[in-house]
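Novice: just the structure for this:
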Amino acid sequence: MRGAVWHRAAAGLCIGVTALALFAAACGESESETGTGGAGVGGAGAQAQGGGGSGASAASGGFGGAPAEPVSPYIVVDQFGYRPGAEKLAVLRDPVTGYDAAESFTPGSSYALVDAQTSTAVLTGAVAAWNGGAEDASSGDRASWFDFSAVTTPGFYYVLDVEQGVRSPVFRIAGDVYAGVLRHALRTFFYQRAGQAKAAPFAEPGWTDAASHVGPGQDHACRLYSAPNDASTERDLWGGWYDAGDYNKYTNWTADYVVGLLRAYRQSPGAWGDDAGIPESGNGIADVLDEARWGLDWLVRMQNVDGSVLSIVGVGHASPPSAATEPSYYGPASTSSTLSAAAAFGWGATVFRSLGEPATTTYGDELEAHGTAAFGWASANPGVTFYNNDAGQGSVGLGAGQQETDDYGRLVKRVAAAAALFEATGAQAYRTAFDALYDQVHLLQWSWSSPFELAGQEAVLEYTRVPGATPAVVASIVQAYRSSLDGGDNLPAHAPALDPYLAHISDYTWGSNSVKSLQGLLFLDAGAYDVDPALGDEPRRDAERYVHYLHGVNPFGLVYLTNMASAGAYRSANELYHSWFADGSAAWDRVGVSTYGPAPGFLTGGPNPSYDWDGCCPNGCGSPENDAVCTSETLEPPRAQPPQKSYKDFNTSWPLNSWEVTENSNGYQVAYLRLLASFVP
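Specialist: Predicted coordinates for the structure are as follows:
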């Protein structure tokens, strides 16, 4: 990454002399793991959320030990830090409703920003109560803010309640403050790769594994799900990524991840280096593009000779992934999967040719041909569907999540593919196809934008910067998007702030952390597509607030990324639902309890008020042993909480179904990567 020197050593991937390495070690700041996995997350008395082994033993580096004042769970900050010119607000939380309602915190009258190296206050002032001291229904907290935006000098700092003698964790102010975090977050895609060994020096110690799903009857000899005994259906479908906490590979979603990674590069090319420590590092191409190519190459394998694209590969599961021995099966082609792949191929053609190297230009040309063939097949076959894991389709057990979409979903995919291929080829047929359908996208129908609709919004916005686009169409798209930003859940939600944690979303759902990232991207699109220069820096400021939320400015004071103590987090997620980092694993279950815990940098799902245990609980799960799991740990939180507190740091599988709260997804990850990269120089 820029701003850091990364060295590949024989013993593993090591961090060189960097500010982030000092940040992790300087004060012994990581809160150590103390519990047994049963407690919730949050305020005083709750189970520790940091861990990862650095702890106080690392205090000899930097500036000689932790500050004297104890860290308060009620003073929450971005635990990695802030860019010099960015808004900087510490949130002081006073619990009122929820699992921590018995706790309280009244801020003192004087707060200070203290230079952690000199113990000198560089800024002092009073705090401002959010909404006149009212309780926020979404978090169950009263809150105040301490604004230290005026401090721009790079360094290590903490926020101090002068009267009460308690402080925030130490954090950094620096232009490259998120570079190391971005690197860890990108590397999660390497750990999600199917069919490739996670070997040293590329895998960090503790997270090595042999190549998965490459045994007899697996991905190299994958068969049609409905003909498991017919060798004539065998296809070599190795590669791709584990989709989430499950290892299945879905074309619709993989194609979306590819487009997301390519967007991440295109919107923030300077943020990405060629030194993330993956096997392709050092090849002269940004590693985010190497990762996108890993997905593109799998999509190519999924394409039939007629241009159609297979829909899914269902695989076995085990911990570690290489221990899975079950056969792999694929589902047939569908219109949606073929359109998704067509969009990814179009994006790939444009981005790889833009690099200007003979090899990448040739690869881009190949991708264009794949995209043209896919769009042609989908146009001739507009209504072919396939439902995996579906009794009516005879596909029960093939995959987990349902990858098929509805008529509107296919329309959006066709619009996205047309826009991508118009840019890649300049062919007027794609412009015609786009112009015929774009006004059926909800953004144009309703002049309304939402993080839940980002795919359609960005599909039409992309068209506005393609040379040769129809001017009237471009004007109508820009106007619709500009109007949508004035919707109540968008810019008006930040002035005044509807959320004391400054990261408003209207609905907390399964995957709410992804929704936070998507809302931030919605604001960044205002600048990326030149929607209205008069908006100035407001959308970008609002977008960055969602970064701070995910980095600890939330009711738990929790970095929602896994195992990030070594990157400077005081309190990060210890567990996530994932088939590799499984509940009960002596090696990977939980930071500070298992030998290693999960690999660093995975964004967990997030608060989910709809979470509940399985319907068989408390005493109908088939055996006394299964029933005992129902009551094996407290579930408040995540149940019976305000929306923002509907989270628990756990990975217990059925019947407690932790996947509804903590499971990762490559979709969550790529949205976060795009958002964070926008703030890396």
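Novice: surely A264 forms part of a helix?
Specialist: Yes: the assignment for A264, made by DSSP: H, G, I helix; E, B strand; the rest coil, places it in a helix.
Novice: was I right about it contacting A286?
Specialist: No: under the criterion of C-beta atoms under 8 Å, A264 lies out of contact with A286, with a separation of 9.7 Å. To be clear about C-beta, it is placed using only N, CA and C from the backbone, and glycine gets the same treatment.
Novice: which one's more surrounded, the two?
Specialist: When neighbours are counted by other C-beta atoms under 10 Å, A264 and A286 differ, and A264 comes out ahead with 28 against 23.
Novice: nearest residue to the more buried one other than its sequence neighbours?
Specialist: What sits nearest to A264 in space, not counting adjacent residues and going by C-beta to C-beta, 6 or more residues apart in numbering, is R674, at 4.5 Å.
Novice: that neighbour sits in which helix or strand?
Specialist: Using DSSP states H and E, the secondary-structure element containing R674 is helix 666-677.
Novice: which outside residues touch that helix?
Specialist: 178, 181-182, 185-186, 188-189, 192, 241-244, 253-254, 256-257, 260-261, 263-264, 267-268, 271-272, 288, 511, 513-514, 517-518, 520-521, 524, 543, 546-547, 550, 602-603, 605 (C-beta atoms under 8 Å, 6 or more residues apart in numbering).
Novice: pLDDT score for the residue nearest to A264?
Specialist: Looking at R674, its pLDDT is 98.
Novice: just give me the neighbour total for it.
Specialist: Every residue meeting other C-beta under 10 Å relative to R674 is counted, giving 23.
Novice: gap between it and Q267?
Specialist: As judged by C-beta to C-beta, to the nearest Å, R674 and Q267 stand 7 Å apart.
Novice: same check, this time on P73
Specialist: When distances are taken as C-beta to C-beta, P73 and Q267 turn out to be 35 Å apart.
Novice: of these two, which one has the most company?
Specialist: Comparing P73 with Q267 by other C-beta under 10 Å, the one with more neighbours is P73, at 25 against 16.
Novice: just the element for the more buried one, please.
Specialist: Taking DSSP H and E as the definition, P73 sits outside all helices and strands.
Novice: quick check: it touching G557?
Specialist: Yes: P73 is within contact range of G557, at 5.5 Å (criterion: C-beta under 8 Å).
Novice: export stretch 592-606 to PDB, keeping only CA atoms.
Specialist: This file holds the C-alpha atoms of stretch 592-606, laid out as PDB (Å, rounded to 0.1, in the frame of the first residue of the first chain):
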ATOM      1  CA  GLY A 592      -8.200 -14.800  22.300                       C
ATOM      2  CA  VAL A 593      -9.800 -18.200  22.900                       C
ATOM      3  CA  SER A 594      -8.800 -20.100  19.800                       C
ATOM      4  CA  THR A 595      -5.200 -20.200  18.700                       C
ATOM      5  CA  TYR A 596      -5.700 -17.700  15.900                       C
ATOM      6  CA  GLY A 597      -9.300 -16.700  15.600                       C
ATOM      7  CA  PRO A 598     -10.700 -15.700  12.100                       C
ATOM      8  CA  ALA A 599      -8.400 -14.100   9.600                       C
ATOM      9  CA  PRO A 600      -8.200 -10.300   9.700                       C
ATOM     10  CA  GLY A 601     -10.400  -7.800   7.800                       C
ATOM     11  CA  PHE A 602     -13.800  -9.500   7.200                       C
ATOM     12  CA  LEU A 603     -16.700  -7.200   7.600                       C
ATOM     13  CA  THR A 604     -19.400  -8.900   9.700                       C
ATOM     14  CA  GLY A 605     -23.100  -8.700   8.800                       C
ATOM     15  CA  GLY A 606     -24.200  -6.100  11.400                       C
END
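Novice: what average pLDDT does that stretch get?
Specialist: Taken as a whole, stretch 592-606 carries a mean pLDDT of 98.
Novice: okay, buried residues for that stretch please.
Specialist: Buried positions in stretch 592-606, judged by neighbour count with 16 or more other C-beta atoms under 10 Å: 592-594, 596-606.
Novice: where helices are concerned, which of these count?
Specialist: With helices taken from DSSP state H, there is no overlap with the buried residues of stretch 592-606.
Novice: farthest pair in those?
Specialist: The distance between the two most remote of those (C-beta to C-beta) is 23.5 Å, for Y596 and G606.
Novice: just the strands in the stretch 101-250 of the chain please.
Specialist: For the stretch 101-250 of the chain, strands defined by DSSP state E, counting those that start in this stretch occupy the ranges 111-115, 120-125, 128-129, 141-147, 155-161, 166-167, 171-173, 223-224, 249-250.
Novice: what strands flank the first one, and is each parallel or antiparallel?
Specialist: Yep, that's strand 111-115 we're talking about. In its sheet, strand 111-115 lies beside strand 120-125 (antiparallel), strand 155-161 (antiparallel), with partners assigned from DSSP bridges.
Novice: buried deepest among the ones you listed, which one?
Specialist: By mean neighbour count, with neighbours taken as mean count of other C-beta atoms under 10 Å, strand 155-161 ranks first of those at a mean of 24.
Novice: for the nearest residue to V162 once chain neighbours are set aside, which residues are in contact?
Specialist: Leaving aside its sequence neighbours, V162 sits nearest to S110 (C-beta to C-beta, 6+ apart; 4.3 Å). Applying C-beta under 8 Å, 6+ apart to S110 gives the contacts T124, G125, A126, D161, V162, E163.
Novice: looking at the residues you listed, which is nearest S653?
Specialist: D161 (40.9 Å).
Novice: residues touching the closest one, list them.
Specialist: S72, I75, L92, P107, G108, S110, Y111, R167.
Novice: just for this protein, where's the confidence low?
Specialist: Under the criterion of pLDDT under 70, the regions of the chain flagged as low confidence span 1-28, 32-64.
Novice: which of the contacts of helix 666-677 are buried? Put it as a ChimeraX command.
Specialist: Applied in ChimeraX, the following selects the buried portion of the contacts of helix 666-677 according to 16+ other C-beta under 10 Å:
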select :178,181,182,185,186,188,189,192,241,242,243,244,253,254,256,257,260,261,263,264,267,268,271,272,288,511,513,514,517,518,520,521,524,543,546,547,550,602,603,605
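Novice: once you drop chain neighbours, what's closest to D94?
Specialist: With C-beta to C-beta, 6+ apart, the residue lying closest to D94 is R142, at 4.3 Å.
Novice: ok, L550 next?
Specialist: On the basis of C-beta to C-beta, 6+ apart, the spatially nearest residue to L550 that is not a chain neighbour turns out to be Y560, at 5.1 Å.
Novice: quickly find the element holding the one you found.
Specialist: Following DSSP H and E, the helix or strand that holds Y560 is strand 559-562.
Novice: now do that strand: distance to the chain's middle.
Specialist: Per C-alpha atoms, centre = their mean, to the nearest Å, the displacement of strand 559-562 from the mean C-alpha position of its chain is 10 Å.
Novice: alpha carbons of it, in PDB - could you do that?
Specialist: Provided in PDB are the C-alpha atoms of strand 559-562 (Å, rounded to 0.1, in the frame of the first residue of the first chain):
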ATOM      1  CA  VAL A 559     -14.800  -2.200  14.800                       C
ATOM      2  CA  TYR A 560     -17.000  -4.400  12.700                       C
ATOM      3  CA  LEU A 561     -14.000  -6.000  11.000                       C
ATOM      4  CA  THR A 562     -12.600  -9.200  12.400                       C
END
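Novice: after that strand, which helix or strand is next?
Specialist: Moving toward the C-terminus from strand 559-562, the first helix or strand encountered (DSSP H and E) is strand 572-573.
Novice: run through who's touching the following helix or strand past that next one.
Specialist: On the C-terminal side of strand 572-573, the nearest following helix or strand under DSSP H and E is helix 624-630. With C-beta under 8 Å, 6+ apart as the test, helix 624-630 has contacts from W613, D614, C616, C617, P618, N619, G620, C621, T652, W654, P655, L656.
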